[in-house]
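based on what follows, work out the 3D shape:
(chains A and B)
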Amino acid sequence: MNAVMIEHIVAIVGGIIVAVVSAVALKNDWKTPGMENQVFKLMLALLCLGAIIAILAGAGVLGNFHQGGNA
Amino acid sequence: MAVANLLYGHEPGVEHVDQLYAETRDLRLQGFLLFLISDCVLFSSFIFAYFYMRNSGQGWPPPGIHRLDVAFAAVNSVILFGSGATMHYALENWKHGHFNRYAMFMIATIILGACFLGGQAYEYTNLIYNEHVTWAGSGIFGASFFTLTGMHGFHVSVGVIYLFILLLQSVHGVYTKHKYFGLTAGTLYWHFVDVIWVVLFSIFYLI
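Numbering: from 1, shown residues only, chains lettered A, B, ... in the order given. Coordinates of the predicted model:
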């Protein structure tokens, strides 16, 4: 197992953990009122999206340019 | 003071501070959100400039420059996004009066933020010394990459220092269970740098 493979696995596993944790936090805060909580909910949703993007990048679904050349 | 307590049922000074805090809290929040929006505008202008330059060139990345290491950046991104989650739970634990858990999550956030900066420093070193990509010597690619990620890295550095100061303040009793706007602002700021990285990670590494 080389370093690149470890990086992919860490990105996927870590991304899943972060996505689940942020989704749970978003669910728990879903009904909280107030301006700051609305901002927190937006931020948590984007955090969850970021974690999903990191998972896809780690899995090679996004940002996989090795097969398609340099462009 | 005992007489004041007897007459008014509370200490006048303490009541004044609490009332002032309640009255100004929303204003402080709005002011802080405006600061974040202005920061967002700053990043947006650089991002739009990056896209403009990228689309006016001959392919991307320019000839002679390799694609950035996506796997390493994904790990570094997960570290930063993880710090956003720990920061959120730090604030939640503070609200519920669990100081030890708050401190644990806060320290975890600071460590993860520092790890992200370490990862970025490693990536910069690799790019500069192995790939020979520099800010001034690699055209639009080097200039835009180092400017935007450097600006974000600066924000993360400020955030790490800010969170450390917040931790020290909370240890010394500056914040209470009902008065913790500094912690709210710190959490908003930290989420903001996370969200900015979602965009930067996508535009530099994935598309």
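
could you pull out the helices for chain B?
Using DSSP state H, the helices found in chain B span residues B:2-8, B:12-56, B:70-95, B:99-125, B:139-171, B:181-201.

compare those and say which comes out lowest on pLDDT.
Mean pLDDT per stretch puts helix B:2-8 lowest among the helices of chain B, at a mean of 44.

most packed of the helices of chain B?
Highest mean neighbour count of the helices of chain B: helix B:70-95, a mean of 25 (counted as mean count of other Cβ atoms under 10 Å in any protein chain shown). Yep, even glycine has a C-beta here, placed from its N, CA and C like the rest.

which strands and helices lie in contact with that one?
Using 3 or more Cβ pairs under 8 Å, 6 or more residues apart in numbering or on different chains; DSSP states H and E, the elements in contact with helix B:70-95 are helix A:3-28, helix A:35-59, helix B:99-125, helix B:139-171, helix B:181-201.

so how far is that helix from its chain's centroid?
The chain centre lies 10 Å from the centre of helix B:70-95; the measure is Cα atoms, centre = their mean, to the nearest Å.

just want the angle from that helix to helix B:181-201.
Interaxial angle of helix B:70-95 relative to helix B:181-201 (axes from the mean of the first three to the mean of the last three Cα atoms, to 10 degrees): 160 degrees.

quick one: name the residues of chain B near chain A.
Proximity of chain B to chain A, by Cβ under 8 Å from any Cβ of the partner chain, involves residues B:26, B:29-30, B:33, B:59-61, B:66-67, B:70-75, B:77-79, B:81-82, B:84-85, B:88-89, B:92, B:184, B:187-188, B:191-192, B:194-195, B:197-198, B:201-202, B:205-207.

contacting residues for residue B:198?
With contacts defined as Cβ atoms under 8 Å, 6 or more residues apart in numbering or on different chains, residue B:198 is in contact with A:46, A:47, A:49, A:50, A:53, B:77, B:81.

hmm, back to that, a markdown table please, covering the helices of chain B and showing distance to residue A:22.
Converted to a markdown table, the helices of chain B look like this (distance: least, Cβ to Cβ, whole Å):
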| stretch | distance to residue A:22 |
| --- | --- |
| helix B:2-8 | 46 |
| helix B:12-56 | 19 |
| helix B:70-95 | 5 |
| helix B:99-125 | 14 |
| helix B:139-171 | 18 |
| helix B:181-201 | 10 |
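
these: which one's closest to residue A:62?
helix B:70-95 (7.9 Å; Cβ to Cβ).

circling back: and residue A:12, which of the helices of chain B is closest to it?
Per Cβ to Cβ, nearest to residue A:12 of these: helix B:70-95, 8.4 Å.

dump the helices and strands packed on helix B:70-95 to TSV, plus distance to residue B:51.
Shown next, in TSV, are these (distance: least, Cβ to Cβ, whole Å):
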stretch	distance to residue B:51
helix A:3-28	25
helix A:35-59	18
helix B:99-125	22
helix B:139-171	9
helix B:181-201	11
